[in-house]
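Visitor: I'd like to go over a predicted model; first the sequence, then the structure.
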Amino acid sequence: MSLSVYEDLIYFEELNRADRDEITVVIYESSDAVRGLDPDTEVEDANMRRKVALHHTQADIKGSRRYRLAAVGLGLLCVLLLTAITVLWIQLNHLTAERDQLQTSYSNLAAERHQLQTSYTNLTAERHQLQTSYTNLTAERDQLQTSYTNLTAERDQLQTSYTNLTAERDQLQAERDGLQRRLSELGWVYFNSSLYYVSNEKKNWTESRDDCRERGSDLVIINSREEQDFINTLRKGQRVWTGLSDGETEGVWKWVDGSELITGFWYPGEPNSYGDEDCGLYGYGSDPVKNWADYPCNNHFFWICEKRI
């Protein structure tokens, strides 16, 4: 814009100079034409030249003023242009900084968007997994609820059965106690699923067994240490016949049910088969455990019968 104004000022200055030259030429030509007609032309010509020179000087002064004014205007325009350029440069710097800041913000937002997208994807997968877990847990809960209902029904049924069995047990216990009382009155004692009877008289081994058979039982068979101890308390210090004998084969001891002796509680040195000793006697010696002996079957002793229930 400043270059165009400057060119216009130069154009106007050249135009004024051309006008002045043309006026001067015209004046000189007019003076030359008049000089040949009027004798006093020299004086007038000199006056005319002074006027022209004065006019030319004044025109130069005016042109110089116009040039200075144009230069001042041009300077002012340059200052304004420089100011405008400076302002535009500052604004450009500000805009560049804002652009960089916006670019950084855009990059950060893009990264955050990507991160949010990743988080959204992860949350979607977790939601799907939780939904699956929820479905599985719901199915398990329903299954457990069904199992709980079934178990509750079974518990109630078992409780009813338990109540019934308890009542039956109490009834059987009462019947057993009554039966034991009646058996006790008849001389029978209950122990470990068997009934035991102790005689109040003495007989030989064969007669003792016959008496047991008449009572629906047989001579006692001792199969354990617990039963050995029980018989020891039952005999009350008396020697008693048992269901043990080697009458069939000497030295082969068998019980009255035909089973062979496995565990015996013989007194030391027994059985010795001294003479005709083929029957088993309980209570020989003072040892409460090892107190069996072989004795002649025709001797008379108390006896114990056993009846398995």
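Guide: That came through fine.
Visitor: where in the stretch 1-150 of the chain is pLDDT low?
Guide: The stretch 1-150 of the chain contains residues with pLDDT under 70 at 1-45, 52-53, 55-60, 63.
Visitor: which stretches of it form helices?
Guide: 2-35, 41-186 (DSSP state H, counting those that start in this stretch).
Visitor: wait, which of the ones you listed is closest to N299?
Guide: Proximity to N299, assessed across these by Cβ to Cβ, is greatest for helix 41-186 (26.7 Å). Where C-beta positions appear, they are placed from N, C-alpha and C, glycine not excepted.
Visitor: which strands or helices does that closest one pack on?
Guide: Counting contacts by 3 or more Cβ pairs under 8 Å, 6 or more residues apart in numbering; DSSP states H and E, helix 41-186 packs against helix 2-35, strand 188-191.
Visitor: dump the helices of the stretch 1-150 of the chain into JSON lines; add distance to P288 as well.
Guide: Below are the helices of the stretch 1-150 of the chain laid out as JSON lines (distance: least, Cβ to Cβ, whole Å):
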{"stretch": "helix 2-35", "distance to P288": "145"}
{"stretch": "helix 41-186", "distance to P288": "24"}
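Visitor: what's the closest of the ones you listed to L195?
Guide: Among the helices of the stretch 1-150 of the chain, helix 41-186 sits nearest to L195 (Cβ to Cβ), with 6.2 Å.
Visitor: I'd like the distance between the residue most central in space within the chain and E140.
Guide: The residue lying closest to the centre of the chain (Cα atoms, centre = their mean) is S133, at 11.3 Å. Going from S133 to E140 by Cβ to Cβ, to the nearest Å gives 10 Å.
Visitor: and what of G178?
Guide: Distance from G178 to E140, by Cβ to Cβ: 54 Å.
Visitor: that older thread, of all the helices of the stretch 1-150 of the chain, which one is nearest D257?
Guide: Comparing these by Cβ to Cβ, helix 41-186 comes nearest, at 21.7 Å.
Visitor: Provide a list of residues in contact with N200.
Guide: 187, 302 (Cβ atoms under 8 Å, 6 or more residues apart in numbering).
Visitor: now D218
Guide: Contacts of D218 (Cβ under 8 Å, 6+ apart): 209, 212, 243, 256-257, 305-307.
Visitor: reformat these as JSON lines; add neighbour count, distance to G269 and secondary structure.
Guide: JSON lines is the format used below for the contacts of D218 (neighbours: other Cβ atoms under 10 Å; distance: Cβ to Cβ, whole Å; DSSP: H, G, I helix; E, B strand; the rest coil):
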{"residue": "R209", "neighbour count": "22", "distance to G269": "26", "secondary structure": "helix"}
{"residue": "C212", "neighbour count": "23", "distance to G269": "29", "secondary structure": "helix"}
{"residue": "G243", "neighbour count": "24", "distance to G269": "22", "secondary structure": "strand"}
{"residue": "V256", "neighbour count": "17", "distance to G269": "25", "secondary structure": "coil"}
{"residue": "D257", "neighbour count": "10", "distance to G269": "27", "secondary structure": "coil"}
{"residue": "C305", "neighbour count": "25", "distance to G269": "28", "secondary structure": "strand"}
{"residue": "E306", "neighbour count": "21", "distance to G269": "27", "secondary structure": "strand"}
{"residue": "K307", "neighbour count": "17", "distance to G269": "33", "secondary structure": "strand"}
